[in-house]
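Asker: Fold the following, please.
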Amino acid sequence: MKFETITSSRAARMAGMAACVAIISLTASPAVAQHRVRMPASKAKVELPAGKDSIRLPLQTSGDHIILDISVNGSDPLSVVLDTGMPMGGLALFDTEEVQALGLEYSPMEAQVGGAGGDGKVTQAKIANGVSLNLGGAVFDNTMVLVLPAMKHFSLNHAGIIGAAVFNSFAVTFDYDAGEIVLTRPEAFTPPAGAAAVDLELKGNLPYLNATVAVGAEQETPIQLVLDLGAVHAVSLNTSKNDALSIPGDAIETHIGRGLSGAIRGNVGRIPGFTLGGNTLEGVVATFPGPEHENPRGIDSLDGNLGMGVMSRFNFTLDYAASKLYLQPNKDFADPYEWNMSGLTLEPGEGEGLEVSEIVPGSPGAAAGLQEGDVVLALNGEIVSGADRVRVRDLFQQEGQEISVRYRRGDTTESTRFKLQRMI
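Answerer: Got it, this is the predicted structure:
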């Protein structure tokens, strides 16, 4: 995947227009019969090049998702998201022309795949077994691959998702300051000097951890969160089960993300502080999903979900074998958090441009006369399409920026302007 970014500060982009990839849950069913069966267990064998205990990869990001280039059965590399919210010990791909060209052989079984968002509906996915993956010289043999229908919100920008297959095999270090990922055999890994150690609890290949948060009156509250590297928000907090957590009074109700099962609605507001491993971040933009989105696919998210908006402020290592997260603040640790300052939620439509799916009342976009259903064709003179959501998100987080919009309403093409304004 290749994206342009408009802002120079990566950290300033992290809170806006969150797009949550996971969490995925799986049950398998025959393509014809209706009874359910157990998902086949992965028997993948993982090998590094001879004589090596670790390999180094470039740390690539797109919209704050971590991107890996993976070869499938010797193919040219595919760009996939690395996601702790992907509990399956294999690879999930979207059924695009690029993936169809792999010529995978499918089982007569199909999988039901679901995730966060929407009404929780599942989709059918094809299963290919015995697949070989190559990740920078690390070879995963006899791997299971799921192939999901193409989804315009995800498959426009990346080929798929991988998670537990990597994290169960290696201690995985993300060094933002050095711009690299290091995969190390767990038995050869040594924690970096001076790093804070945070305990992880693994449940069904999903990592949980403890943190503290200051909400409202700034009293620190202990919380338990799912660590989800597929989510680009900072922290998502569940208020229905924990009376100590509340939505800030000046929060706005809006679209806060998207999972594999659809859109996620809730509130977004600024919290005084968030502390992880003794490190406190201030003025964090947090999301508060509606109760129906707090526990996607029945997975207990406890007090919420910790995403890349926080984690990318650290150089960190996930060591599943030791049930530890090691972290140190990186150069972006103190950068400010921002959110979408236009009030517009723009999503890929059926054709050209980006469709306005929602407008925050009283926002700059609303004051400019834009309406739900309008199709934005160009911003500041540059044509936009469904693949440009990351670039547009970055643009909409520049306070005071004048935005010119060319859009289509029905059969008419019109223009308007507005100035971006911080709303939270």
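Asker: ok so residue 321 is a helix residue?
Answerer: Yes. Counting by DSSP: H, G, I helix; E, B strand; the rest coil, residue 321 is part of a helix.
Asker: Could you list the low-confidence segments of the chain?
Answerer: Within the chain, the ranges that satisfy pLDDT under 70 run 1-44, 114-121, 152-156, 216-218, 258-262, 293-300.
Asker: Pull out the buried residues from the longest strand that the chain contains.
Answerer: Ranked by residue count, the top strand of the chain under DSSP state E comes out as strand 262-276. For strand 262-276, burial by neighbour count (16 or more other C-beta atoms under 10 Å) applies to 262-272, 274-276. Where C-beta positions appear, they are placed from N, C-alpha and C, glycine not excepted.
Asker: again with stretch 98-111
Answerer: Neighbour-count burial for stretch 98-111 [16+ other C-beta under 10 Å]: 98-99, 102, 104, 107, 109-111.
Asker: Out of the residues you listed, name the ones that lie in strands.
Answerer: Using DSSP E, 109-111 are the members of these that sit in strands.
Asker: Using TSV, lay out those residues together with distance to residue 208.
Answerer: TSV is the format used below for those (distance: C-beta to C-beta, whole Å):
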residue	distance to residue 208
109	30
110	30
111	24
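Asker: Tell me the one of the buried residues of stretch 98-111 nearest residue 396?
Answerer: Nearest to residue 396 among the buried residues of stretch 98-111, counting by C-beta to C-beta, is residue 98 at 29.3 Å.
Asker: Next up, phi/psi of residue 249, please.
Answerer: Dihedral angles of residue 249 (phi, psi; degrees, to the nearest 10) stand at phi -60, psi -30.
Asker: Oops, could you answer that again for residue 309 instead?
Answerer: Dihedral angles of residue 309 (phi, psi; degrees, to the nearest 10) stand at phi -60, psi -30.
Asker: same question, residue 179
Answerer: The phi/psi pair for residue 179 (degrees, to the nearest 10) reads phi 70, psi 40.
Asker: number of nearby residues for it?
Answerer: Neighbourhood size, residue 179 [other C-beta atoms under 10 Å]: 10.
Asker: quick one, what contacts the residue nearest to it when sequence neighbours are not counted?
Answerer: Once flanking residues are discounted, residue 179 sits nearest to residue 59: 5.1 Å by C-beta to C-beta, 6 or more residues apart in numbering. By C-beta atoms under 8 Å, 6 or more residues apart in numbering, residue 59 lies in contact with 66, 174-176, 178-181.
Asker: Residue 65 and residue 230 touch, don't they?
Answerer: Yes. Using C-beta atoms under 8 Å, residue 65 is in contact with residue 230, at 7.0 Å.
Asker: neighbour count winner among those two?
Answerer: Higher neighbour count among residue 65 and residue 230: residue 230, with 27 against 24, using other C-beta under 10 Å.
Asker: Please report how far the more buried one lies from residue 158.
Answerer: According to C-beta to C-beta, to the nearest Å, residue 230 stands 11 Å off from residue 158.
Asker: Please apply the same query to residue 339.
Answerer: From residue 339 to residue 158 the distance is 23 Å (C-beta to C-beta).
Asker: which one of the two has more residues nearby?
Answerer: Using other C-beta under 10 Å as the criterion, residue 339 and residue 158 rank with residue 339 on top: 25 against 20.
Asker: does the more buried one count as helix, strand or coil?
Answerer: Under three-state DSSP, residue 339 falls in the coil class.
Asker: Helices along the protein, start to end?
Answerer: For the chain, the helices defined by DSSP state H occupy 97-100, 164-167, 308-311, 364-367, 389-395.
Asker: packing partners for the third one?
Answerer: For helix 308-311, the contact count by 3 or more C-beta pairs under 8 Å, 6 or more residues apart in numbering; DSSP states H and E identifies strand 279-289 as packing neighbours.
Asker: Could you report the separation of the spatially closest residue to residue 402 that is not a sequence neighbour from residue 366?
Answerer: The shortest distance from residue 402 to any non-neighbouring residue, by C-beta to C-beta, 6+ apart, is to residue 419 (5.4 Å). As judged by C-beta to C-beta, residue 419 and residue 366 stand 13 Å apart.
Asker: and what of residue 229?
Answerer: According to C-beta to C-beta, residue 229 and residue 366 sit 34 Å apart.
Asker: The residue nearest to residue 402 - how many residues pack around it?
Answerer: Close neighbours of residue 419, defined as other C-beta under 10 Å, add up to 14.
Asker: show me what contacts it?
Answerer: Taking C-beta under 8 Å, 6+ apart as the test, what residue 419 contacts is 364, 400-403.
Asker: can you tell me which of those lies nearest to residue 224?
Answerer: When these are compared for distance to residue 224 (C-beta to C-beta), residue 364 wins out at 37.3 Å.
Asker: So that closest one sits against residue 420, correct?
Answerer: Yes. If you go by C-beta under 8 Å, residue 364 and residue 420 touch, sitting 6.2 Å apart.
Asker: Residues in contact with both of the two, list them for me.
Answerer: 341-342, 403.
Asker: Which of the residues you listed ranks first by neighbour count?
Answerer: Sorting the shared contacts of residue 364 and residue 420 by how many neighbours each has (other C-beta under 10 Å) puts residue 342 first, at 30 neighbours.
Asker: show me what contacts it?
Answerer: 363-365, 396, 403, 418, 420.
Asker: thinking again about what came up before, can you tell me which of the buried residues of stretch 98-111 is nearest residue 412?
Answerer: Checking the buried residues of stretch 98-111 one by one against residue 412 (C-beta to C-beta), the nearest turns out to be residue 98, at 36.3 Å.
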